[in-house]
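S.K.: Structure for the following, please:
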Amino acid sequence: MKNLLVLHLESITRQRLDAFASSFPSTRRLMQQSRVYDRFFSSATSTLMVVSYLFHGNDFEFDAATEFEGMRPAANNPHLFSLLQERGWSAELVCLNGFHTTRPTTFSAWAGDLPPVWGTNDFPTLFARFDRLTDTTPFAIYVWDLITHIEHSLALAPYAAGYTDQVRRACKVADDAVGVLLATLERKGLLDETTIVVYGDHGDDYWTHGFKGGMVHATEPYSQITWAPLAIRDPALGPGVDERLASTIDIAPTCLELLGVDYRLAFAPSGWSLLGDPVDAVHAQNFTASQPDNHDWGIAKAFSVTDDAYVLLASSRGLELYAYHLDPGNHCNLLHFFDVAADGRLALRARPGSAGHFRAALLDNPRAAAHIAARFAALREKLAARIASKRAFAAARGVDPARTLDPACLAAVAPPTGTATMPSSAGKPALAPFEFTYRLR
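M.R.: Here you go, the predicted structure:
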């Protein structure tokens with residue numbers, strides 16, 4: 001029986017991994033030995049939601065909850081680590097928590113039938129604990145290092161020359177820990193007997209889409225927050241890059257297959273093993289399906305769907321479409337270049353006097369414009385089905401449908417920041433009238 005080690009890269013996206021590349025030598029060495037999923041997207045923008053979705057293999061775990069505080073997973077599928085414990089694995093979660101002395105680690109995503117979450121604020125103590133736990137095989141260990149979280153990284157502020165350097169140092173400290181854990185397995189001859197999953201839970205948006213009360217994650221699921229690293233080191237997987245779309249909810253079924261556990265997740269919207277056929281889109285969200293917009297902070301409940309080129313978001317503001325490879329920060333809503341018919345068909349607007357660059361990209365490039373139109377139609381259909389399924393799930397559990405996202409959002413384009421409408425080239429609304437309940441900040 002193989003072991004399982006899941007390394008949780010807190011608040012690390014592809015962008016951060018690249019921006020501070022020299023701070024991640026151990027992680028990058030591990031990735032060179034692994035199957036790297038180049039189009040992996042986190043299923044949510046908050047840690048509790050992401051980790052719960054990973055453990056239970058689906059992203060409906062909280063959709064009947066109307067408030068974030070006190071949320072507990074619905075357990076639509078059994079907990080991954082509970083399944084492994086039932087079959088003979090020694091299951092543990094260890095956490096490096098900078099606030100351990102005042103706020104010891106508790107985690108509702110960790111099932112009650114498992115050993116209690118173990119936490120510390122001391123790296124050597126964490127390493128010693130990991131060393132002891134790996135003496136007994138087969139083990140299934142989840143390691144959660146919070147040093148790269150925006151608040152926990154404050155511990156490094158006295159040593160840093162500004163905030164950028166603080167983040168860089170936090171990344172280096174987290175990577176050093178990855179190196180120690182891998183060296184422990186190698187010293188014990190366990191490296192090739194262990195399935196190792198390293199993944200990022202979400203990223204941060206430093207107020208580029210509005211101040212949002214100061215929040216940098218748990219905001220809308222733009223791809224700059226959800227496009228995260230995922231790599232799996234396993235004897236059954238050769239190293240290399242896999243460009244299939246992948247999601248947090250796919251990790252549990254993939255681990256079960258790699259570990260030889262014959263168990264199929266029964267909940268219908270569950271993820272799929274990455275050893276099987278690829279999918280054509282993945283989903284993400286920030287709030288639960290029943291959680292209202294936060295008007296005070298300007299954060300809207302939003303769902304997104306992502307294919308290999310575009311990410312489409314739907315919220316009470318309307319629709320946003322981004323070419324995330326070209327616009328990784330999701331700053332240019334491509335729908336603002338089009339008139340959108342009530343049935344969702346796009347027509348590129350004339351823009352007399354546009355620079356040659358824009359003409360080459362879209363106005364004089366009918367194949368490019370047609371590609372956007374076709375993909376938008378397909379993604380909009382998938383997002384409509386997604387919103388309907390989320391509403392149905394909540395309604396079946398007694399939630400007033402009025403608390404969930406109104407499908408009318410699919411018939412509106414989100415306005416630019418600070419405006420209420422996006423006029424068409426003829427000076428008429430691009431879509432049927434839609435009432436925005438508040439302005440973006």
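S.K.: Look at the closest residue to Asp234 other than its chain neighbours and give its secondary structure.
M.R.: In space, and not counting its chain neighbours, Asp234 is closest to Thr195: 4.6 Å by C-beta to C-beta, 6 or more residues apart in numbering. Every C-beta, even on glycine, is put in place using the N, C-alpha and C of the backbone. Going by DSSP: H, G, I helix; E, B strand; the rest coil, the secondary structure assigned to Thr195 is strand.
S.K.: Where do the domain boundaries of this protein fall?
M.R.: 3-280, 302-411 (automatic domain parsing).
S.K.: The first one: end-to-end distance?
M.R.: Going back to what we said before, that points to domain 3-280. 31 Å (C-alpha to C-alpha, to the nearest Å).
S.K.: now do the shortest one
M.R.: Here the two ends of domain 302-411 are set 15 Å apart, with distance taken as C-alpha to C-alpha.
S.K.: Would you map the strands across this structure?
M.R.: Read by DSSP state E, the chain holds these strands, from start to end of the chain: 3-9, 35-41, 90-96, 118-120, 139-145, 194-200, 230-233, 240-247, 282-285, 302-306, 310-315, 318-323, 338-340, 346-348.
S.K.: Turn the ones you listed into a markdown table, including mean pLDDT, mean neighbour count and distance to Ala183.
M.R.: Shown next, in a markdown table, are the strands of the chain (pLDDT from 0 to 100; neighbours: other C-beta atoms under 10 Å; distance: least, C-beta to C-beta, whole Å):
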| stretch | mean pLDDT | mean neighbour count | distance to Ala183 |
| --- | --- | --- | --- |
| strand 3-9 | 98 | 23 | 13 |
| strand 35-41 | 98 | 22 | 21 |
| strand 90-96 | 97 | 22 | 16 |
| strand 118-120 | 96 | 19 | 19 |
| strand 139-145 | 98 | 23 | 14 |
| strand 194-200 | 98 | 22 | 13 |
| strand 230-233 | 98 | 25 | 14 |
| strand 240-247 | 98 | 17 | 24 |
| strand 282-285 | 98 | 26 | 34 |
| strand 302-306 | 98 | 25 | 36 |
| strand 310-315 | 98 | 25 | 38 |
| strand 318-323 | 98 | 24 | 40 |
| strand 338-340 | 94 | 23 | 53 |
| strand 346-348 | 96 | 18 | 53 |
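S.K.: just to revisit the earlier point, tell me which of the domains of the chain is the most buried.
M.R.: domain 3-280 (a mean of 19; mean count of other C-beta atoms under 10 Å).
S.K.: chain center to that one: distance?
M.R.: For domain 3-280, the separation from the chain centroid amounts to 11 Å (computed by C-alpha atoms, centre = their mean, to the nearest Å).
S.K.: cool, stretch 309-317 as well?
M.R.: On C-alpha atoms, centre = their mean, the centre of stretch 309-317 falls 15 Å from the chain's centre.
S.K.: Name the surrounding residues that touch it.
M.R.: Here stretch 309-317 makes contact (C-beta atoms under 8 Å, 6 or more residues apart in numbering) with 220-223, 226, 293, 300-306, 319-325, 330, 334, 371-372, 375-376, 379-380, 383, 387, 405-406, 409-410, 412, 414-415, 436-437, 440.
S.K.: Narrow these to those in helices?
M.R.: Cross-referencing the contacts of stretch 309-317 against helices under DSSP state H gives 223, 226, 371-372, 375-376, 379-380, 383, 387.
S.K.: Closest one to Arg359 out of those, please.
M.R.: Closest approach to Arg359 among the ones in helices among the contacts of stretch 309-317 (C-beta to C-beta): Ile372, at 15.4 Å.
S.K.: quick one: contacts for that closest one?
M.R.: Ile372 touches 310, 321, 323, 334, 338, 346, counting by C-beta under 8 Å, 6+ apart.
S.K.: Sort out which one of the residues you listed lies nearest Ala109 for me.
M.R.: Tyr310 (30.4 Å).
S.K.: and the nearest residue to that closest one once chain neighbours are set aside, what does it touch?
M.R.: Excluding the flanking residues, the one nearest Tyr310 by C-beta to C-beta, 6+ apart is Arg375, at 5.2 Å. Taking C-beta under 8 Å, 6+ apart, we find Arg375 in contact with 307, 309-310.
S.K.: can you check Gly271 too?
M.R.: Gly271 neighbours (C-beta under 8 Å, 6+ apart): 57-58, 247-253, 265.
S.K.: And for Phe139?
M.R.: Counting by C-beta under 8 Å, 6+ apart, the residues that Phe139 touches are 3-5, 89-92, 133.
S.K.: returning to what we had before: can you tell me which of the domains of the chain is nearest to Asn286?
M.R.: Among those, if distance is taken as C-beta to C-beta, the winner is domain 3-280, at 4.6 Å.
S.K.: Report the separation between the residue nearest to Tyr310 and Ala369.
M.R.: With distances taken as C-beta to C-beta, to the nearest Å, Arg375 is found 11 Å from Ala369.
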